[in-house]
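In: I'll drop the sequence and a predicted model, then ask my questions.
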Amino acid sequence: MSTQGASLPKKIRTIPGSCIASGNCTLVAPDLFGQDEKGIVVARVTRLTAAQLADAQSAAAACPVAAIELVDDVETAK
Amino acid sequence: MSPFSPPPGAPVLDIDFTSSRMCNDPYPVLREIRELGPLVWNKRGHWMTARDKVCREILNRPAPLGQQGAMANFFGAEAFISIDEVARHNALRGVWMTAFRRDVLAALSRVIRTYAEGMLERVAARFHAGESPDLVAGFCRPLPAYVIAHMMGIPDDMMPTVVEWSDLMANSASGGFPIDYDNDPAWLAGERAKKELGAYLYEQIDYRRGHRGEDLISQIVHSDVGRTLSDEAMMVNTRQLLFAGNETTANWLAHIVVTLGRHPEVRRQIVADPSLTAQALDEIMRWESVVHTLPRGVRGDDVVVAGQKLQDGVEVVLLLGGANRDPERYEDPERLDIHRERKANLGFGYGLHSCLGVTLARIEALEATRAFLAHFPDYELTGPAPSFATFPMRGPGPIHIAPGHS
């Protein structure tokens, strides 16, 4: 991550292999996260708007197994 | 005895979960169960599964395959761990959602380290005095108890008593299956401990009403949902946290000490590169699971699992330690391999009732392991091999080591 990271837009990256289907993300940010038929995390959006960022951060922190990451969206930033 | 019987042709075994074979080395039996089929009938009156996929399928359907009787008997019907109705469960569990967030828990690392250091210094002092202290009693058991009690705002001088209550409760949950609730002495001793702990927690809850703090008890007392709860509901929810925070982590720490003692090559890798510690601890959780049995009860007449229709009311016991060595999910599953592809094992459960405290447990295990290896980087296990008293919640008994050069 570069020092400009904080100002870049963010996108959601999920790590399904780590997911234990706790459902925390869907409680914290139901507009951004759902679960597939096996209970595994599914991101409903990829690129986050500024208004969605705080909810996405809360969901990432609430995930017990760190299966949600917010990464710099270099493409959109260009 | 169970009123249920298997359909014709179902694979059947007779497995006594209290036998010394299941306590000491359950893995050959778990493998046999897993290989016999997705569901195997235990002559003692319930289904079993030791397959990863089937466990996940069941844990993902809490409504027709719920916690049912066993959890409610142990934790209390109003504790969220016993509640399968999703909205109600989430409302109660949600009280502590923030407290168990990763960013919030990170602030506890220092507290955990301080407790661990203190305990290890006392252990080291006893080695210097020529004694051979038991690491389970001196380190693995008290550390998680002190940490969760600290989070609950329980004063330090009460902690030994809390540890004792928790031990008795753990012992009661780890007896035979199904439990003889009227006569099993371990169960009855556990019931007494639960009552005493409950009485203590009632006092704590009452005190928090007028003395709001940052602790977990204050959080439920002063939450929106907490204000709608009876004192008993508040108590059982608080008590479940304390118990769940202790027993599982204590046993995990004991497994870690024994496993790293038996696999010095793994220990040396971690000592040389501490960034490998977290993945090594996850692998130890997979390879030596703590919670081995999760009973689930069928609700309704149309419940199908692994293609088979199950009778209303029958229990299915998920054998998580078997599922965690399922070759369909893990390559060469019987091998301890800290470099294997990282994916979630079932050690912390799955779905609605997956462990609320995963992150706390992981931080504790990480801090404990680092502190332990800093004190005893080349310890060796000594004395008789640690024994395992119970299968359902499985962890090694007294652990003695030669401390090496500390």
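Out: All right, it came through fine. Numbering: from 1, shown residues only, chains lettered A, B, ... in the order given.
In: quick one: residues contacting the residue most central in space within chain A.
Out: Centroid-nearest residue in chain A: residue A:12, 3.8 Å away (criterion: C-alpha atoms, centre = their mean). Residues counted as contacts of residue A:12 (C-beta atoms under 8 Å, 6 or more residues apart in numbering or on different chains) are A:32, A:43, A:45, A:46, A:48, A:56, A:68, A:69, A:70. To be clear about C-beta, it is placed using only N, CA and C from the backbone, and glycine gets the same treatment.
In: distance from the chain centre to stretch B:192-202, please.
Out: 21 Å (C-alpha atoms, centre = their mean, to the nearest Å).
In: what's in contact with it?
Out: With C-beta under 8 Å, 6+ apart as the criterion, stretch B:192-202 contacts B:158, B:161-162, B:164-166, B:168-169, B:172, B:217, B:231, B:235-236, B:238-239, B:242.
In: quick one on the thing from earlier: and the residue nearest to the centre of chain A, its phi and psi?
Out: phi -90, psi 130 (degrees, to the nearest 10).
In: related to what we said a few turns ago, buried ones only from the contacts of stretch B:192-202, please, as a ChimeraX command.
Out: Restricted to buried positions by 16 or more other C-beta atoms under 10 Å in any protein chain shown, the ChimeraX selection for the contacts of stretch B:192-202 reads:
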select /B:162,165,166,168,169,172,217,235,236,238,239,242
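In: any idea which of the contacts of stretch B:192-202 is least confident?
Out: Lowest pLDDT among the contacts of stretch B:192-202: residue B:172, with 79.
In: correct me if wrong, but that residue is in a helix.
Out: Yes: under DSSP: H, G, I helix; E, B strand; the rest coil, residue B:172 sits within a helix.
In: isn't it up against residue B:190?
Out: Yes: applying C-beta atoms under 8 Å, one finds residue B:172 in contact with residue B:190, separated by 2.2 Å.
In: circling back to that earlier point, look up the pLDDT of the residue nearest to the centre of chain A for me, please.
Out: Residue A:12 is given a pLDDT of 97.
In: then residue B:244?
Out: For residue B:244, pLDDT reads 85.
In: which parts of chain B sit against chain A?
Out: Contact residues, chain B versus chain A (C-beta under 8 Å from any C-beta of the partner chain): B:56, B:59-60, B:90, B:94, B:97, B:100-104, B:341-344, B:348-352, B:354-356, B:358-359.
In: among these, which are located in helices?
Out: Residues of the residues of chain B next to chain A located in helices (DSSP state H): B:56, B:59, B:90, B:102, B:103, B:104, B:358, B:359.
In: of those residues, keep whichever come out buried.
Out: Buried among those by 16+ other C-beta under 10 Å: B:56, B:59, B:90, B:102, B:358, B:359.
In: the fifth one contacts residue B:347, correct?
Out: What it means is residue B:358. No: assessed by C-beta under 8 Å, residue B:358 is found out of contact with residue B:347, at 9.1 Å.
In: state the helix or strand in which residue B:321 lies.
Out: helix B:320-323 (DSSP states H and E).
In: would you mind checking the average pLDDT for that helix?
Out: 98.
In: tell me who's in contact with residue B:238.
Out: Contacts of residue B:238 by C-beta under 8 Å, 6+ apart are B:152, B:201, B:204, B:205, B:216, B:217, B:220.
In: now the phi/psi pair for residue B:65, please.
Out: Per degrees, to the nearest 10, the backbone of residue B:65 is at phi -130, psi 80.
In: that one contacts residue B:296, doesn't it?
Out: Yes: the pair residue B:65 and residue B:296 qualifies as a contact (C-beta under 8 Å) at a distance of 4.6 Å.
In: what residue ranges in chain A score low on pLDDT?
Out: Low-confidence segments of chain A (pLDDT under 70): A:1-6, A:76-78.
In: just the stretch 1-150 of chain B next, same as before
Out: B:1, B:68.
In: tell me which stretches of the stretch 251-400 of chain B form strands.
Out: B:293-298, B:303-305, B:308-310, B:315-319, B:380-382, B:400-402 (DSSP state E, counting those that start in this stretch).
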